[in-house]
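Undergrad: Just need the structure, nothing else, for what follows:
(chains A and B)
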Number of protein chains: 2
Amino acid sequence: MVPSLKRLLAALRRLPGVGAKSAQRIGYHLLRAEKSESYELARSIVNLAERVALCSICGNIAETTADENRRPVCEICSDPERDEERLLIVEEPYNVESFERTGVFNGRYHVLGGLFDPLAGIGAEELGLDKLRRRIAEAAYNEIILATSPTAAGEATAAYLRELLEPLNVRLTRIAVGLSAGADVDYADEVSLRLAVEGRREMH
Amino acid sequence: MVPSLKRLLAALRRLPGVGAKSAQRIGYHLLRAEKSESYELARSIVNLAERVALCSICGNIAETTADENRRPVCEICSDPERDEERLLIVEEPYNVESFERTGVFNGRYHVLGGLFDPLAGIGAEELGLDKLRRRIAEAAYNEIILATSPTAAGEATAAYLRELLEPLNVRLTRIAVGLSAGADVDYADEVSLRLAVEGRREMH
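TA: Predicted coordinates for the structure are as follows:
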């Protein structure tokens, strides 16, 4: 294999979900594609590295300004129209986008950047929970919504956050777990059914 | 989503095998990775676009020289040690690598760059078969080995090549089809078994 292709395949294989075969497919695709496609891909990678950083307040992604001395602040944190009384805690920046698309929440976010994973060495320090506690202690939120996924790791993280934040005397809520909208009771798994019953609400 | 990330995801989604979710995973991976990883990836993409082209003789990939007026010629075509009497015809440049790794063939290659696919508009012209016919007519090969895959498209391509090359009065061979090495007769599918019987050879 020619050195330039070998070098590209090595760089591609460092990406998540890209193995030897997919790196090869991408490499040969770029070899045959218009050069402009390769240049646009390379430029957009460099552009991301140079212009996007994590928000210094909430951990969401932020397009940085030309002023390098200013700490990066995302669109939501710099929007004066958002509700200051509610904070929704999520795992990843793309979770922020998902909640934003629903239009159901107009408060502030906090992005953990991961979930508790002791085996991988991800704990309170790696998730910046001290900074989160300080952020909540210094503000006047009426409600903190824990919106990590209802998976083992998401639940463990939510449980830890409850312990951590309870002394601050602020209302803590957890997003609902139950059947997906449109799901058939007949096909639902046992755990989802049990959680749907346990999480039942009064009908008004 | 910030514009720089949106731009990168759009460029990533043009790659084969990369959908919305995998583009997102790659994008967020690069956001968190060391900047040097992004720069190396971008540089290797540009490097490939600028330094690698298809060999003007056989269609294999070739690292180009600084001399822009010279037509690109791959390592194998420019190697005087290779057997000039045998030509092995494959579908893609990475097939050349596979055959090279076996060490069983020391002749020249011809890379079609695809297989017959009339529905996708890929025919004799797109595969450059005229050029291949000319290459063979002008040389003195003792044997042309058709090494496209034993799939429907690979067989159709081989059959077309046989028709095309027969008037040149050169020995045409086809790679063997049968059971894979290590395969259990008990688990082999019907077609493989039939082909293994049909392709039986004398034991010396």
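Undergrad: going forward, measure contacts and count neighbours with C-alpha atoms only.
TA: Will do.
Undergrad: For chain B, see how far away residue A:99 is.
TA: Distance, residue A:99 to chain B, by Cα to the nearest Cα, to the nearest Å: 12 Å.
Undergrad: who's in contact with that residue?
TA: Shown in contact with residue A:99 (Cα atoms under 8 Å, 6 or more residues apart in numbering or on different chains): residue A:105.
Undergrad: Give me the pLDDT for residue A:68.
TA: You'll see residue A:68 listed with a pLDDT of 62.
Undergrad: check contacts around the residue in chain A positioned nearest to chain B.
TA: With Cα to the nearest Cα, the shortest gap between chain A and chain B falls at residue A:42, namely 4.3 Å. Taking Cα under 8 Å, 6+ apart, we find residue A:42 in contact with B:41, B:42, B:43, B:45, B:46.
Undergrad: Residue A:192: neighbour count?
TA: 15 (other Cα atoms under 10 Å in any protein chain shown).
Undergrad: Can you tell me the closest non-neighbouring residue to residue A:142?
TA: residue A:85 (5.1 Å; Cα to Cα, 6 or more residues apart in numbering or on different chains).
Undergrad: quick one: contacts for that neighbour?
TA: With Cα under 8 Å, 6+ apart, residue A:85 has these contacts: A:107, A:140, A:141, A:142, A:143.
Undergrad: Please state the backbone phi and psi of it?
TA: phi -100, psi -10 (degrees, to the nearest 10).
Undergrad: Check the one 3 residues further on too.
TA: Backbone torsions of residue A:88, given as degrees, to the nearest 10, read phi -110, psi 120.
Undergrad: which residues sit against the helix or strand residue A:160 falls within?
TA: For residue A:160, the enclosing helix or strand under DSSP states H and E is helix A:152-165. By Cα under 8 Å, 6+ apart, the residues outside helix A:152-165 that reach it are A:115, A:116, A:117, A:133, A:146, A:148, A:149, A:172.
Undergrad: Which of the residues you listed are buried? Put it as a PyMOL command.
TA: Here is the PyMOL command that selects the buried residues among the contacts of helix A:152-165 (16 or more other Cα atoms under 10 Å in any protein chain shown):
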select buried, chain A and resi 115+116+146+148+149
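Undergrad: buried set for stretch A:57-77?
TA: A:57-64, A:72-74, A:76-77.
Undergrad: Would you agree residue A:60 is in contact with residue A:95?
TA: No - applying Cα atoms under 8 Å as the test, residue A:60 and residue A:95 come out as separate, 9.5 Å apart.
Undergrad: Which parts of chain A are helices?
TA: A:3-12, A:20-32, A:35-51, A:93-102, A:129-138, A:152-165, A:190-198 (DSSP state H).
Undergrad: near chain B, which of the buried residues of stretch A:57-77 show up?
TA: A:61, A:62, A:63 (Cα under 8 Å from any Cα of the partner chain).
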